[in-house]
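Trainee: Just a sequence and a predicted model for now, questions to come.
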Amino acid sequence: MRGIYIISEGTTEEEFINSSIYDYMSREGINDVRAIKLQTSRGHKGGSMSYVRFKMNILNLLKRENDIIVTSLIDFFRLENDFPKYTEAQRIVNVVERVSFLEKEIAQDIDSSRFVPYIQLHEFEGLLFSGKSGFELFTSIPSENMTELINTVDKYPNPELINEGPTTAPSKRLLRLIPEYRKTFHGPMIALENGFDSILAKCPRFNNWIEILIKRMKA
């Protein structure tokens, strides 16, 4: 395979792919890693994460180029209920098993050896809690806010499990505790400061995804 194309929806994820993931894959000898923004059926960017839209993007890429692996970096909480077996997945109590179930159903539906579905549990911002140094960049926030950020890192050995509640989701915590936080700018910056190796060490689902991609590329 020549390269890896990663379907994503947001500008933050796009920047994270083009910086952190790209740099790590380059260390593994994989030099063509691209973030591909989801397109609507009319060719415009943005909109909701429907499965019709998602699948259309995947199939278009697979058809257009036959020497690439296509994968995804999408947030679980953004998915609409038209994803394969979505309603059935909601009955699975264990959230890790729930997302893995959805990934398996997506893979079976698209049915391509060059496609590796990945859904982030619960959202991209969870990865930012894999270290403390990224938050220490914000020297102007109140000390109690910094303490809560650091305590959250300590509380969750696996930051992927920080839940998706309306006030406790990773993105909501960041907005509440860092008044100047701007996702598209600060998100990739925090990730870079923490280091990609820190994300891999603390986020097992994310780490497994990266390992699968490397093995597929080197097979």
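Mentor: Received it, and whenever you're ready, just let me know what you need. From a predicted model like this one, the values you see are computed outputs, not experimental measurements.
Trainee: longest single strand anywhere in this protein?
Mentor: With DSSP state E applied, the strand covering the greatest number of residues in the chain is identified as strand 68-75.
Trainee: For it, C-alpha coordinates in CSV please.
Mentor: Output in CSV follows, covering the C-alpha atoms of strand 68-75 (Å, rounded to 0.1, in the frame of the first residue of the first chain):
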residue,chain,number,x,y,z
ILE,A,68,-4.3,3.1,-0.3
ILE,A,69,-5.8,2.1,3.0
VAL,A,70,-8.9,4.1,4.0
THR,A,71,-9.8,4.6,7.6
SER,A,72,-11.7,7.1,9.8
LEU,A,73,-11.3,9.3,12.9
ILE,A,74,-14.9,10.1,13.9
ASP,A,75,-16.5,10.8,17.3
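Trainee: Now do E103 against L79, distance only.
Mentor: Relative to L79, E103 is positioned 11 Å away (Cβ to Cβ, to the nearest Å). Where C-beta positions appear, they are placed from N, C-alpha and C, glycine not excepted.
Trainee: residues shared between the contacts of the two?
Mentor: Among the neighbours of E103, those also in contact with L79 (Cβ atoms under 8 Å, 6 or more residues apart in numbering) are I119.
Trainee: how's this structure carved up into domains?
Mentor: 3-122+198-218, 124-197 (automatic domain parsing).
Trainee: just to revisit the earlier point, show me how far the longest strand of the chain is from its chain's centre.
Mentor: Its chain's C-alpha centre lies 9 Å from the corresponding centre of strand 68-75 when counted by Cα atoms, centre = their mean, to the nearest Å.
Trainee: Sheet-wise, list the partners of that strand with their directions.
Mentor: Each strand paired with strand 68-75, and its direction, by DSSP bridges: strand 3-8 (parallel), strand 115-116 (parallel), strand 119-120 (parallel).
Trainee: all helices for this structure, in order.
Mentor: Under the criterion DSSP state H, helices of the chain are mapped to 11-16, 22-27, 51-64, 86-89, 95-110, 143-155, 170-177, 183-194, 196-202, 204-218.
Trainee: For the third one, name the packing helices and strands.
Mentor: Think helix 51-64. Using 3 or more Cβ pairs under 8 Å, 6 or more residues apart in numbering; DSSP states H and E as the contact criterion, the neighbours of helix 51-64 among helices and strands are strand 3-8, strand 68-75, helix 95-110.
Trainee: let's see it at 10 Å
Mentor: Applying 3 or more Cβ pairs under 10 Å, 6 or more residues apart in numbering; DSSP states H and E, one finds that helix 51-64 makes contact with strand 3-8, strand 33-37, strand 68-75, helix 95-110, strand 115-116.
Trainee: how about CSV for those, with distance to S26 added?
Mentor: Putting those into CSV (distance: least, Cβ to Cβ, whole Å) gives the following:
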stretch, distance to S26
strand 3-8, 11
strand 33-37, 8
strand 68-75, 16
helix 95-110, 26
strand 115-116, 19
